[in-house]
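Engineer: pasting the structure only:
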């Protein structure tokens, strides 16, 4: 097997993306950051690589910087806080999210973020699904080249991309009766035991109307599942700490902190934790497979985690194991 590397790309390079939708890795160290209004970021994955299913980016945010309140009519935003702290407008209230937290911003619901001053860089990964947000940002950032644009220009551009912009927090519409937007505190989620690893479910299909799931995985050095294939789901991995080796179809790649790996449905893949401090986050679309970890924990707790039971559990969630 070979080692492979696909460089990351800046916000202004979307027209030069590789025209392929197979497995790939994007290295944080290769990124060229574009500069917007108090934000510095780059796309790691776009619709060109994910068959229009998801866009993912890395972003650094200055203190007190961030967009005005807004709502996406046809997409969800998911913020994965990696360092620093952010003030978020969530369901009409201001809350603070820190490293390890995840914010799920449901479509049609107003939200915003602001970088806070807590002594370290404010960074996060932003996942937008379905994809297309890259097309907006490549037009949004240039508006600020000569200072802040007029509200009229900003509203005109956002409306073209099905985004509603609000001039202030007080101008946002009433919170829905049953809002879906939420902040998940990473340090408060139950820890599941899964074949020697520690797993936390951060988002479930129940949280996201079936669309997405998200889990955080930690474990001992060399932990990893067998090479497998998901029949129905795409997986996107973010390495949050340490070093992780991925098998992607016929390639072996090594990922480190900040790197992102795309493993679409139908392709054989796995990962192996290669350092004692390794931790990864897995975003799954559509949701549902995160329940595999819940059921696996139940089997282990009850002493029923036999090989036969685990094989049946994998089959239940549409995972197969190709021969190599």
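Structural biologist: Everything's here; your move. Quantities reported herein were computed from a predicted structural model and do not represent experimental measurements.
Engineer: So for stretch 21-28, what gets flagged as buried?
Structural biologist: Applying a neighbour-count criterion of 16 or more other CB atoms under 10 Å, one finds 21, 23, 24, 25, 26, 27, 28 buried in stretch 21-28. Quick note: C-beta positions are derived from backbone N, CA and C, even for glycine.
Engineer: again with stretch 27-47
Structural biologist: Under 16+ other CB under 10 Å, the buried positions of stretch 27-47 are 27-28, 31, 34, 36, 38-47.
Engineer: Stretch 75-94 too?
Structural biologist: So for stretch 75-94, counting by 16+ other CB under 10 Å, buried means 75-82, 84-92.
Engineer: just stretch 223-237 next, same as before
Structural biologist: 223, 224, 225, 229, 230, 233, 234, 235, 236, 237.
Engineer: ok, residue 266 touching residue 231?
Structural biologist: Yes - the pair residue 266 and residue 231 passes the contact test of CB atoms under 8 Å, sitting 7.2 Å apart.
Engineer: State the pair within the buried residues of stretch 223-237 that is farthest apart.
Structural biologist: 223 and 234 (22.3 Å; CB to CB).
Engineer: Name the residue most distant from the centre of this protein?
Structural biologist: residue 303 (33.4 Å; CA atoms, centre = their mean).
Engineer: Next one: that one from residue 239, what distance?
Structural biologist: 33 Å (CB to CB, to the nearest Å).
Engineer: Check residue 90 and give its pLDDT.
Structural biologist: Looking at residue 90, its pLDDT is 98.
Engineer: Oops, could you answer that again for residue 308 instead?
Structural biologist: pLDDT, residue 308: 89.
Engineer: And residue 18, by the same measure?
Structural biologist: Reading off the model, residue 18 has pLDDT 35.
Engineer: How about the one 10 residues further on?
Structural biologist: The predicted local distance difference test score for residue 28 is 93.
Engineer: count of residues packed around the closest residue to it other than its chain neighbours?
Structural biologist: In space, residue 28 comes closest to residue 258 once its chain neighbours are excluded; the distance is 3.1 Å by CB to CB, 6 or more residues apart in numbering. Neighbourhood size, residue 258 [other CB atoms under 10 Å]: 20.
Engineer: Alright, that wraps it up for me.
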